[in-house]
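[1] Build me a model:
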Amino acid sequence: MTSSIARPQHDGTAAPETGAPSTARPEDGALGAVQHGTRLGVLDIGSNTVHLLIVDVRLGGRPVPQRSHKLTLRLMRYLGEDGAIDDEGVAALLSAISECAEIARGEHLDDFVVMATSALREASNGEQVIARIEREAKVSLDILSGPDEARLTFLAVRRWFGWSAGRILLLDIGGGSLEIAIGQDEEPDVALSVPLGAGRSTVGFFHADPPTPQDQRALRLYAKGVLDDAVAQVKPFGHADHVIGSSKTIRSLARLAGNLMPGVGDADRAVLTRKQLDDWVPRLAKMDAASRAALPGITPDRTFQIVAGGIVLSETMRAFGVKQLDVSPWALREGRLLQMLDRV
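    Numbers count the residues shown, from 1 in each chain. Coordinates of the predicted model:
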């Protein structure tokens with residue numbers, strides 16, 4: 001993955017790029033610093049939110065969250081018919097990124113990454129918007145490809161569930177895309193990204209609130225066609241021992257429709273079955289967005305796209321023959337932080 005990562009200094013200037021693995025020696029102090037504790041930050045520019053996560057890490061230790069700052073944009077609503085982000089969307093994006101970057105600069109971070117996913121990557125004016133963000137917000141963007149997103153999320157899920165999970169099939173529904181990966185190591189055997197994000201599907205197929213049955217059927221048919229090709233690419237790599245879903249959309253659906261079971265230690269295990277999902281999605285589809293916000297697990301930033309997300313997840317589970325999945329609290333941001341730590 002080509003990376004362009006700059007670390008904010010306390011005087012506002014950028015440090016040398018840190019996208020390649022570090023060549024620092026222990027006597028240079030890098031190893032000693034991470035042994036005693038390092039503060040890392042990731043700013044994730046997604047299709048739905050701009051989210052800053054700051055964690056403290058040490059060698060051999062799990063990332064400990066210290067600060068989270070999230071701003072809801074729903075960037076898909078700012079896309080014109082030509083696929084360009086309009087002026088209002090660019091202004092909102094710049095404001096959110098600048099606000100988060102300023103917070104990061106005040107946290108004395110040892111490393112800081114600003115990464116962008118499908119919304120910026122696929123916008124027809126993406127290159128111009130990226131250049132303006134880098135110039136005016138004084139950050140350097142790491143533009144992830146879809147497979148990059150899948151691989152980083154897979155790394156996070158593998159670390160969370162451990163080697164005992166065996167061969168993992170990962171399903172991650174973002175705002176713009178659905179990521180799929182399978183493998184038994186930390187690097188998946190195959191990593192895919194398909195255009196079935198919850199926000200993209202809502203904007204592309206739903207023309208009323210609540211969505212009509214005809215629009216819902218159209219999304220299901222489209223998803224089935226896209227997923228048939230994805231299944232064909234994944235099938236040669238064998239049967240999964242463990243199916244895991246990640247992302248806020250899946251966590252929201254699991255909190256609403258799933259089960260909480262005792263997990264290892266003091267953490268609950270969240271499980272969602274396809275039967276539960278298919279029971280809840282039609283009920284959600286009959287409610288308008290304002291009414292959905294009153295339900296447990298459906299946060300205000302997800303009310304508009306939760307139905308499309310549920311339909312996509314249902315069709316994905318059906319396509320892969322999945323009756324039940326576990327829900328991971330870790331996803332893309334944690335995967336990028338783990339990669340940053342591994343490279344020290």
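
[2] just checking, what packs against the longest helix anywhere in the chain?
    What stands out as the longest helix in the chain, according to DSSP state H, is helix 213-234. Applying 3 or more Cβ pairs under 8 Å, 6 or more residues apart in numbering; DSSP states H and E, we find helix 213-234 packed against strand 178-183, strand 190-194, helix 198-205, helix 306-319. All C-beta spots, glycine's among them, are computed from the backbone N, C-alpha and C.

[3] What angle do strand 190-194 and the first one make with each other?
    Relative orientation of strand 178-183 and strand 190-194, computed by axes from the mean of the first three to the mean of the last three Cα atoms, to 10 degrees: 170 degrees.

[4] Tell me who's in contact with the residue lying closest to residue 223 once chain neighbours are set aside.
    Distances taken as Cβ to Cβ, 6 or more residues apart in numbering place residue 315 nearest to residue 223, at 4.2 Å, with adjacent residues excluded. By Cβ atoms under 8 Å, 6 or more residues apart in numbering, the contact list for residue 315 reads 220, 223-224, 227.

[5] quick revisit: so after the longest helix of the chain, what's the next helix or strand?
    Of the helices and strands lying after helix 213-234 in sequence (DSSP states H and E), the nearest is strand 242-246.

[6] Can you pull the poorly scored residue ranges out of this protein?
    1-36, 262-266, 344 (pLDDT under 70).

[7] Helices of that one, start to end?
    30-36, 87-105, 118-122, 126-137, 146-161, 198-205, 213-234, 248-257, 274-285, 289-292, 306-319, 332-342.

[8] Among those, which comes closest to residue 67?
    Residue 67 sits nearest to helix 87-105 of all those, at 7.5 Å, using Cβ to Cβ.

[9] What residues of that closest one count as buried?
    89-90, 92-93, 96-97, 100-101, 104-105 (16 or more other Cβ atoms under 10 Å).

[10] same check, this time on stretch 55-67
    Quick answer for stretch 55-67 (16+ other Cβ under 10 Å): 55, 57, 63.

[11] Name all residues that make contact with the nearest residue to the last one once chain neighbours are set aside.
    It stands for residue 63. Nearest residue to residue 63 in three dimensions, chain neighbours excluded: residue 55, at 3.9 Å (Cβ to Cβ, 6+ apart). Residue 55 sits next to 39-41, 63-66, 337 when contact means Cβ under 8 Å, 6+ apart.

[12] of all the residues you listed, which two lie farthest apart?
    For the contacts of residue 55, and using Cβ to Cβ, no pair is farther apart than 41 and 64, which are 13.1 Å apart.

[13] So what pairs up with the nearest residue to residue 188 once chain neighbours are set aside in the strands?
    Nearest non-adjacent residue to residue 188, counting by Cβ to Cβ, 6+ apart: residue 181, 3.9 Å away. Under DSSP bridges, the beta-bridge partners of residue 181 are residue 170, residue 191.

[14] Residue 181 - how many residues pack around it?
    Neighbour count of residue 181, defined by other Cβ atoms under 10 Å: 29.

[15] Pull up the gap between it and residue 249, please.
    For residue 181, the distance to residue 249 (Cβ to Cβ, to the nearest Å) stands at 17 Å.

[16] What of residue 106?
    For residue 106, the distance to residue 249 - Cβ to Cβ - is 31 Å.

[17] What is the burial count for residue 246?
    The number of residues near residue 246, taken as other Cβ under 10 Å, comes to 28.

[18] closest to residue 288 among the contacts of residue 315?
    Once Cβ to Cβ is applied, the member of these that ends up nearest residue 288 is residue 220, at 20.5 Å.

[19] and that closest one, how far is that from residue 257?
    18 Å.

[20] Between those two, which is the more surrounded one?
    residue 257 (22 against 16).

[21] who are the neighbours in contact with the more buried one?
    272, 276-277, 279-280 are the contacts of residue 257 under Cβ under 8 Å, 6+ apart.

[22] try it again with 6 Å
    Neighbour list for residue 257: 276-277, 280 [criterion: Cβ atoms under 6 Å, 6 or more residues apart in numbering].

[23] can you pick the most crowded of those residues?
    Counting neighbours by other Cβ under 10 Å, residue 277 leads those with 22 neighbours.

[24] Pull the number of nearby residues for residue 158.
    Other residues close to residue 158 by other Cβ under 10 Å number 25.

[25] what's the nearest residue to it if we skip its chain neighbours?
    Nearest to residue 158 is residue 186, by Cβ to Cβ, 6+ apart, at 5.1 Å.

[26] hang on, the earlier thing: measure the residue nearest to residue 223 to residue 195 for me?
    In terms of Cβ to Cβ, residue 315 sits 13 Å off from residue 195.

[27] Same question for residue 299.
    For residue 299 relative to residue 195 (Cβ to Cβ), the value is 24 Å.

[28] How far off centre is stretch 52-64?
    Relative to the centre of its chain, stretch 52-64 is centred 18 Å away, using Cα atoms, centre = their mean, to the nearest Å.

[29] Tally up the residues packed near residue 163, please.
    10.
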